[in-house]
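Chemist: Sequence first, then the predicted structure:
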Amino acid sequence: MSFKISVVMASFLGDYPNAASGRIEKFHRAVNSFLSQNYHNKELVIVSDGCPITISEANKYYNYENIKLYGIDKQPIFSGAVRDYGCKKATGDIICYLDTDDYLGNTHLSYIVSGFGNNDWVFFDDKIIYLFHPVNKNIISMAKRDVIVQYGSIGTSSIAHRNMPLISWMDCNGYGHDWKFINKLMMLNLKFSKIPHCDYYVCHIPKSTDV
């Protein structure tokens with residue numbers, strides 16, 4: 001039996017400091033990158049962080065049984081409660097994450113599942129896009145990021161973990177909440193390793209060219 005993998009997407013499409021531009025278009029880019037995955041035993045869990053725009057846009061995918069939409073009350077910025085809610089609703093054996101302004105290459109989930117093995121959580125390199133062509137949207141400038149388990153290097157886009165009750169985002173709040181969560185994983189003494197060949201594209205870096 002193949003692993004089922006859940007992709008958790010926390011979504012607030014309103015304005016906040018250093019938010020990406022074109023949030024709605026990028027939200028659909030992200031969702032469509034999930035739908036384009038060549039791995040079929042999957043689900044996308046979208047959690048609206050008190051965001052009626054998210055509810056409206058996500059409802060356009062109502063006919064996809066593997067896209068689940070949930071809404072919670074608005075949380076403070078960088079609250080772990082949003083992803084924690086998504087993890088609790090996830091039904092997959094493995095959980096990974098997708099930001100609304102990033103996207104997945106179509107082999108990303110396959111790579112995670114094939115490399116996961118007996119680990120409790122894994123991490124992997126990702127790709128940072130600095131510039132798209134303004135007309136044809138081809139990538140002009142991109143760099144592979146060599147991810148290590150260190151503050152400033154690793155984030156939500158670079159991890160996947162088993163769906164286990166002891167793994168929780170609660171109390172992982174504020175700036176650097178991703179790193180707080182990864183620290184919790186390490187403190188649990190879970191088995192983990194780095195796996196190759198994942199296909200996550202980071203498209204929004206605050207204070208840089210917005211893509």
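Modeler: That came through, no problem.
Chemist: so what pLDDT did the nearest residue to residue 172 once chain neighbours are set aside get?
Modeler: Leaving aside its sequence neighbours, residue 172 sits nearest to residue 80 (Cβ to Cβ, 6 or more residues apart in numbering; 3.5 Å). Placement of C-beta: from N, CA and C, glycine included. You'll see residue 80 listed with a pLDDT of 96.
Chemist: Tell me which helix or strand in this protein has the weakest average pLDDT.
Modeler: In the chain, the helix or strand scored least confidently by mean pLDDT, DSSP states H and E is strand 139-145, which has a mean of 82.
Chemist: which strands and helices sit next to that strand?
Modeler: Strand 139-145 is packed against strand 126-132, with contacts defined by 3 or more Cβ pairs under 8 Å, 6 or more residues apart in numbering; DSSP states H and E.
Chemist: same for the strand it packs on, what does it pack against?
Modeler: Other helices and strands packing on strand 126-132, by 3+ Cβ pairs under 8 Å, 6+ apart, are strand 139-145, strand 200-202.
Chemist: follow-up on the earlier one: now do the contacts for the residue nearest to residue 172.
Modeler: Taking Cβ atoms under 8 Å, 6 or more residues apart in numbering as the criterion, residue 80 is in contact with 169-173, 177, 180-181.
Chemist: got it, and residue 33?
Modeler: Taking Cβ under 8 Å, 6+ apart as the test, what residue 33 contacts is 98, 103-106.
Chemist: now with 6 Å?
Modeler: By Cβ atoms under 6 Å, 6 or more residues apart in numbering, the residues touching residue 33 are 103-104.
Chemist: Thank you, goodbye.
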